[in-house]
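A.B. asks: Show me how the following folds:
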Amino acid sequence: MAQNLGVYILEKAETIQLFTFIGAFALLILYPMPDYAASFVGLVILGLYLKALFQSKPSLDSNQFLLNTENLSDAFLLTSLDGKVRFLNAACRNLFPDHENASTIAQLFDDWHGELTDRSQADEILETINGAPQMQFTETLNFKDGRVFERSTRAIENGGARTWILRDISYLETAGRDSEMHSTLLEADAARTAELAEQLYHAKDALEAKQAELTKLANTDSLTGLLNRRRFTALGEQAIENTPTDNIWVIMLDIDHFKRINDTYGHAAGDTAIRDFADIIRNRVGTDGFIGRMGGEEFAAILENYEMNSAIKMAEEIRQETAAHITVHESEKFRFTASLGVAQWHKGEITIEAALDRSDQALYSAKAYGRNRVVGYETT
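C.D. replies: Predicted structure coming up:
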């Protein structure tokens, strides 16, 4: 009741201000000052009051906006641009009974994503959106129990916040699967259902394209097109889970004296060197494994079903081709070399990290021995 009264008073504030002005003006006319100069001063003061009065308007945008969304049939929530939950309307609170325990959007959707047919894709999209404050996006969430929801989000312009709308569209999927439904629908309802189905079909194509683009952005390094460190490590974990042997080898690769390239030819030339090095590794490894850029001028490759001699040979071929390659950037031409460390993953290790650490140690040994060489990690 107090909240409604406060909103009413704010909504009537301009009317109150108008009557205040009329009263002040009437007093000036009915009781003029005896002195013309004083009357002039009074008019000036009244004019300044009038200007200030009409420039100060109460702001109802934020409160009124939330009041208007409270009774929406669709679930609505408001978050900060970095994903902190600020407001849920009644429909949204019903969808998430434990919402009070969630302070971020990721925590709020965690249980939901666990019920989806493809959780990893939904997690990746949510992570990408949290990292792109101005992005707007719509996706379809398919649940294992047959429910289908549309999730839309967009940033509020200059508002420092993001809105989310969750709409249950399960009935559209049901309409498409149930061929007998058309015999019970009125002609107008059937036409509307067909129209919605067509819209959903086109929206699905657009969504799949957006999701593919988002997945690529989330998994690859923008400079080289190789896997980023997060995705590379994830694929490494999958590789050791699925292999029946321990014939998995890790190669760490690093451009020698890369700072010298940047200092001599500029950072743009350094980027060209990184791309050339990535192409050499990509062409040599091919389909025998996968490659990731670990950061800066450092790369890693994982070779599956390889013997030790074959892994060392692969690393040596990459080293030789790199040393022979001439990088061209604008009018500049230059060469560079690389150091490589090779290590084997041991069966029984539950992650790929140990093998990555060993190959990294071998790489630093190659640097210590004079660079431009391949060093294998020796177990003692």
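
A.B. asks: Are we agreed that residue 347 is in a helix?
C.D. replies: No. Residue 347 is assigned coil when assessed by DSSP: H, G, I helix; E, B strand; the rest coil, not a helix.

A.B. asks: Start the count at 33 instead of 1 going forward.
C.D. replies: In the new count, where the first residue is 33, that last one comes out as residue 379.

A.B. asks: what's it in contact with, if anything?
C.D. replies: For residue 379, the contacting residues are 277, 278, by C-beta atoms under 8 Å, 6 or more residues apart in numbering. The way it works is simple: take the backbone N, C-alpha and C, and place the C-beta from them, glycine included.

A.B. asks: per-residue pLDDT, it?
C.D. replies: Looking at residue 379, its pLDDT reads 89.

A.B. asks: ok, now residue 318?
C.D. replies: The score at residue 318 is 95. That number is its pLDDT.

A.B. asks: Name the helix or strand of this structure that has the lowest mean pLDDT.
C.D. replies: Within the chain, no helix or strand scores below helix 34-43, which has a mean of 35 by mean pLDDT, DSSP states H and E.

A.B. asks: If you drop the residues flanking it in sequence, what lies closest to residue 294?
C.D. replies: What sits nearest to residue 294 in space, not counting adjacent residues and going by C-beta to C-beta, 6 or more residues apart in numbering, is residue 302, at 4.3 Å.

A.B. asks: before we move on, what about residue 157?
C.D. replies: residue 246 (5.6 Å).

A.B. asks: Can you name the helix or strand that the one you found falls in?
C.D. replies: helix 219-251 (DSSP states H and E).

A.B. asks: Kindly report the same for residue 388.
C.D. replies: Using DSSP H and E, residue 388 sits within helix 385-400.

A.B. asks: Quick one: residues in contact with that helix.
C.D. replies: Under the criterion C-beta under 8 Å, 6+ apart, residues 265, 268, 280, 282-286, 288, 332, 371-378, 381, 405-409 lie in contact with helix 385-400.

A.B. asks: which of those are buried?
C.D. replies: Applying 16 or more other C-beta atoms under 10 Å to those, the neighbour count classes 265, 268, 280, 282-286, 288, 332, 371-377, 405-409 as buried.

A.B. asks: Residue nearest the middle of the protein, spatially speaking?
C.D. replies: Residue closest to the mean C-alpha point of the chain, counted by C-alpha atoms, centre = their mean, is residue 160 at 1.3 Å.

A.B. asks: and the next element down the chain from the helix or strand containing it?
C.D. replies: Secondary structure from DSSP H and E places residue 160 in helix 151-162. As assigned by DSSP H and E, the chain's next helix or strand after helix 151-162 is strand 169-174.

A.B. asks: tell me the angle of the helix or strand just after that following strand relative to helix 151-162?
C.D. replies: Note on strand 169-174: by DSSP H and E, the next helix or strand toward the C-terminus is strand 180-188. Interaxial angle, strand 180-188 versus helix 151-162 (axes from the mean of the first three to the mean of the last three C-alpha atoms, to 10 degrees): 10 degrees.

A.B. asks: in its sheet, what does the helix or strand following strand 180-188 sit against?
C.D. replies: Next helix or strand after strand 180-188 toward the C-terminus (DSSP H and E): strand 193-200. Looking at strand 193-200 with DSSP bridges, its partner strands are strand 107-112 (antiparallel), strand 180-188 (antiparallel).

A.B. asks: now the angle from the last one to strand 169-174?
C.D. replies: Yep, that's strand 180-188 we're talking about. Using the same axes, to 10 degrees: strand 180-188 against strand 169-174 is 160 degrees.

A.B. asks: Show residues contacting strand 180-188.
C.D. replies: With C-beta under 8 Å, 6+ apart as the test, strand 180-188 has contacts from 113, 161, 165-175, 193-202, 204-205.

A.B. asks: ok, residue 113 - contacts?
C.D. replies: Going by C-beta under 8 Å, 6+ apart, residue 113 touches 165, 187, 192, 193, 194.

A.B. asks: From those, keep the buried residues only.
C.D. replies: Neighbour counting with 16+ other C-beta under 10 Å marks 187, 193, 194 as buried within these.

A.B. asks: just the residues you listed now: which is nearest residue 106?
C.D. replies: Residue 106 lies nearest to residue 194 out of those, by C-beta to C-beta, at 16.0 Å.
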